[in-house]
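# need a structure here:
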Amino acid sequence: MKLGICIALGALVWICFGESARFDWVRYDDGDYVYRSGHVTSGLTLQNVIWSFTNFHAHNWHPVTTLSHMVDCQLFGVTPGAAHVVNVMLHALAAVMLFLALGSLTQTTWRSAIVAAIFAIHPLRAESVAWIAERKDVLSGLFFMATLGAYSWYVRKPSLPRYLIVVFAAALGLMSKPMLVTIPFVLLLLDYWPLHRFTVAARTVPTLVIEKIPFALFATGSVIATMLAQRGGIDVMAFPLPLRLENAIVAGVIYLRQLFWPADLAVLYPHPESYFPVSVIGGCVGFLVALSTIAMLFRKRFPFLFTGWFWYLGMLVPVLGIVQVGRQGHADRYTYLPLIGVTIAIVWLFAEQTKRFRFQRQIGAIAMGCILIALAACTRHQMSYWRNADSLWMHTLSVTPNNDGGHVAFASSLFAEGKTEEAIAHMRAAMQIRPGLAGVYGEAPISLTEKQLDTGILFWSNRIDEQPGDINAHNNLGVLLVQKHQARAAIAQWEQSLALNPNDGNAQSNLAWMLATAPDDSLRDGARAVTLAESALQLAGGVSPILHRTLAAAYAESGRFADAIETASRGRRLAEREGNRLLADELATNISRYQQHLPLRDASLQLADD
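Numbering: from 1, shown residues only. The predicted model follows:
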């Protein structure tokens, strides 16, 4: 029977998420994690393995996650489809492991299966599974489930080898995503229920706490590494502590609402940035306190309520934004593991309250069938938004008002696709929402006033002084310097980006365009432009029309006009397929020049002294 349930869980996951095998990159962090990271794209080598453990990657220290991306590239190349399939497989394994671990911990089958099924196909899982950059979620989830299963195995027959296996599984989870720092707390909750390791004897509690010390040490190390890796992004918006606490309280209630009513889900929910009405905060505090009180009062009669509820609250602590990192107010991916606790509490309570019903099994089966069908339908609908960057951000902006971060991310993606006019519109929308955020300037090559240019240059220059290794800051400063007609200074910034990461696609494409199309003869280098543009196009999967434009210009500068015509024609077809008529027409004009053996020149790259 257990084998059948495992197969069914895998099938459910594939039904809901399997279509992602045909999805593209969504570009949001995907480049940092995969296709713009030279260490990742070059595959699994001894040098890269050492690098993954000794360096920060995408502002995190998660070497196991980094290694998993390297394995993808080693086996399948830099392709989104294979990476999506691996995410789905890891999530399916996590769901199966959750079923097996809960079954071992609680000695139940169907209750554990129901919890695992809800975890497996809830719409909130779409972000973690469909987003390649969130590999760390599904991978850490798998090791978390393995930790629970190994812990149950150890408790049944304690021994040092079994204990070390539990610690090893937990360590792998922490090296996949630092959110698992709460593992010691979760294990103590499991000691209370369902393992019933707490006794009246006072000496038992200290013993159980001491048993968790190795887990706590690993968690502490992970916290320190994370703080070092993200020191530039922590509290980046300078939100005051009272506001962060208010948002944490409201987020705790939002996640519960999303569990029961997963509507209007988005990849980026903007931070509220203003204090909530007293009635909202009072209601949320009262709600959370009431549920906590119920869990405490009924802990003897219904111990699963205590474990399930405090599992939820405890696992949320690292991601509630009390220490703010990034622009989000909350995030669907943060619910990946915490809501398992609430699901356990609900399923066990329903089973206990209906066990005297004459037709309990039939009622439970019908109810579960309806719930799973509804969840599967909602999840497949939510997955459709993750097909590519355009569908993801159009949906996100439609359900989240005043989302300047969403507009900036969409604009950056549109620029990468060559949809310049649409990108500019979204950048302007972001600047209207947050006119004082200088970090918007330089994210994409939008025309700015002299004051905005100076503000942006000062912002990114200061960022580089504080964090010389910030590749994004060097790239953005280069974009702004071009608009100041300081092309040589811009080239220096992109060269610095490539010194930090030779396979940074942004710097490669920007520098290639400059070397191929600058009006000043002393700036151009056709051969190097070809090398950079070819690499950037390969990193982007070979399907970017805007990079075909850059590569064609590089070929033309090198005198390879036949290659330029062929490349520009291919880019034109891609642009037409994407409905990007403006870029397609531009490429048609470029082809006419190449047919006359004329290279391309970009007047906007003119030097100031010219």
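# show me where the stretch 101-250 of the chain has strands.
With DSSP state E, counting those that start in this stretch, there are no strands along the stretch 101-250 of the chain.
# Could you pull out the strands in the chain for me?
If DSSP state E is used as the criterion, the strands of the chain fall at 269-270, 328-330.
# Quickly, which of those strands bottoms out on average pLDDT?
Mean pLDDT values for the strands of the chain show the minimum at strand 328-330, a mean of 89.
# other SSEs contacting that one?
Using 3 or more C-beta pairs under 8 Å, 6 or more residues apart in numbering; DSSP states H and E, the elements in contact with strand 328-330 are helix 241-260, strand 269-270. The way it works is simple: take the backbone N, C-alpha and C, and place the C-beta from them, glycine included.
# what's the most buried one of those?
strand 269-270 (a mean of 20; mean count of other C-beta atoms under 10 Å).
# and it, which strands flank it?
The sheet places strand 269-270 alongside strand 328-330 (antiparallel), with pairing taken from DSSP bridges.
# Residues in contact with the strand it pairs with: which ones?
247, 251, 254-255, 268-272, 321, 405 (C-beta atoms under 8 Å, 6 or more residues apart in numbering).
# Which residues are in contact with the closest residue to residue 76 other than its chain neighbours?
The shortest distance from residue 76 to any non-neighbouring residue, by C-beta to C-beta, 6 or more residues apart in numbering, is to residue 82 (3.5 Å). Counting by C-beta under 8 Å, 6+ apart, residue 82 touches 72, 75-76.
# top of the residues you listed by neighbour count?
Sorting the contacts of residue 82 by how many neighbours each has (other C-beta atoms under 10 Å) puts residue 72 first, at 25 neighbours.
# wait, what's in contact with it?
For residue 72, counting by C-beta under 8 Å, 6+ apart, the contacting residues are 34, 82-83, 86.
# Neighbours of the residue nearest to it when sequence neighbours are not counted, how many?
Leaving aside its sequence neighbours, residue 72 sits nearest to residue 83 (C-beta to C-beta, 6+ apart; 5.1 Å). A count of neighbours around residue 83, defined by other C-beta under 10 Å, yields 25.
# ditto for residue 561
Residues within reach of residue 561, counting by other C-beta under 10 Å, total 18.
# same deal with residue 3?
Neighbour number of residue 3 under other C-beta under 10 Å is 7.
# same deal with residue 605?
18.
# can you check residue 462 too?
12.
# Report the contact partners of the residue nearest the centre of the chain.
Taking C-alpha atoms, centre = their mean as the criterion, residue 134 is the residue nearest the geometric centre of the chain, at 3.9 Å. Taking C-beta under 8 Å, 6+ apart, we find residue 134 in contact with 87, 127-128, 333.
# Make TSV from the residues you listed and add distance to residue 409 to it.
TSV is the format used below for the contacts of residue 134 (distance: C-beta to C-beta, whole Å):
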residue	distance to residue 409
87	20
127	14
128	18
333	16
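# circling back to that earlier point, using CSV, please lay out the strands of the chain together with distance to residue 280.
Shown next, in CSV, are these (distance: least, C-beta to C-beta, whole Å):
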stretch, distance to residue 280
strand 269-270, 16
strand 328-330, 13
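# closest to residue 99 out of these?
Nearest to residue 99, of all those, is strand 328-330, at 27.7 Å by C-beta to C-beta.
# Only the buried residues of the closest one, if you could.
Neighbour counts over strand 328-330 (16 or more other C-beta atoms under 10 Å) mark 328-330 as buried.
# now it: how far from the chain's centre is it?
13 Å (C-alpha atoms, centre = their mean, to the nearest Å).
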